[in-house]
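Visitor: Got a predicted structure here, sequence first:
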Amino acid sequence: MKRKFALTLALASALALISALPVFPGEDQDHTCPHACKPGKFEMMHATGVNYCVNCALKNELNAEVDCVKSGHQTALKITKYISFCGEEKPEFNGKTYFYFVSEAAKPLRTAHLGETVTVSGRLYFDLPVIEVQEFKVQKPEEKKN
Ligand SMILES: [Zn+2]
């Protein structure tokens with residue numbers, strides 16, 4: 001009887017310890033995804049949104065001292081819909097802006113498609129506002145209505 005009590009106590013302590021561990025945003029403790037995501041660090045996802053220039057937006061809205069004609073645009077994705085590769089929709093990303101890692105896959109997003117609605121697939125880092133683009137699709141105008 002005493003032994004059973006001690007076991008129960010040990011189990012309860014272990015559970016209390018596990019539940020007291022800090023949970024970081026985006027972290028899923030029961031994460032068992034096949035996409036090699038690292039809970040709390042990065043996740044494979046599809047993000048739809050507008051590809052826009054942050055510099056131009058800040059210049060227009062807040063009169064920021066930037067000159068994209070001289071320096072080039074600084075494009076980023078303003079997310080309107082986020083779905084992880086595992087199919088979990090995460091509305092907490094809606095309205096957030098994420099930049100693209102400089103890469104060949106992201107190059108067309110950085111040099112063209114300004115103001116267009118795109119769906120970007122790749123790895124999103126939770127601690128940085130950065131997406132590692134694997135591929136992307138430009139939405140056709142008729143798809144934008146939906
Ligand atoms: Zn610009």
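Guide: Structure received.
Visitor: Residue numbers of this structure in contact with the ion?
Guide: 53, 55-56, 68, 73 (Cβ under 5 Å from the ion). In short, each C-beta sits where N, CA and C put it, glycine included.
Visitor: what about burial for those residues, which qualify?
Guide: Buried members of the residues of the chain next to the ion, scored by 16 or more other Cβ atoms under 10 Å, are 53, 55-56, 73.
Visitor: if we can go back for a sec, ok, the residues of the chain next to the ion vs residue 87, which is closest?
Guide: Proximity to residue 87 was ranked across these by Cβ to Cβ; first place goes to residue 53, at 31.4 Å.
Visitor: Skip the chain neighbours and tell me the closest residue to the closest one.
Guide: Excluding its sequence neighbours, the residue lying closest to residue 53 (Cβ to Cβ, 6 or more residues apart in numbering) is residue 73, at 4.0 Å.
Visitor: still on that earlier bit, make JSON lines out of the buried ones among the residues of the chain next to the ion and add secondary structure and pLDDT.
Guide: Compiled in JSON lines, these are given as follows (DSSP: H, G, I helix; E, B strand; the rest coil; pLDDT from 0 to 100):
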{"residue": "53", "secondary structure": "strand", "pLDDT": "97"}
{"residue": "55", "secondary structure": "helix", "pLDDT": "96"}
{"residue": "56", "secondary structure": "helix", "pLDDT": "96"}
{"residue": "73", "secondary structure": "coil", "pLDDT": "94"}
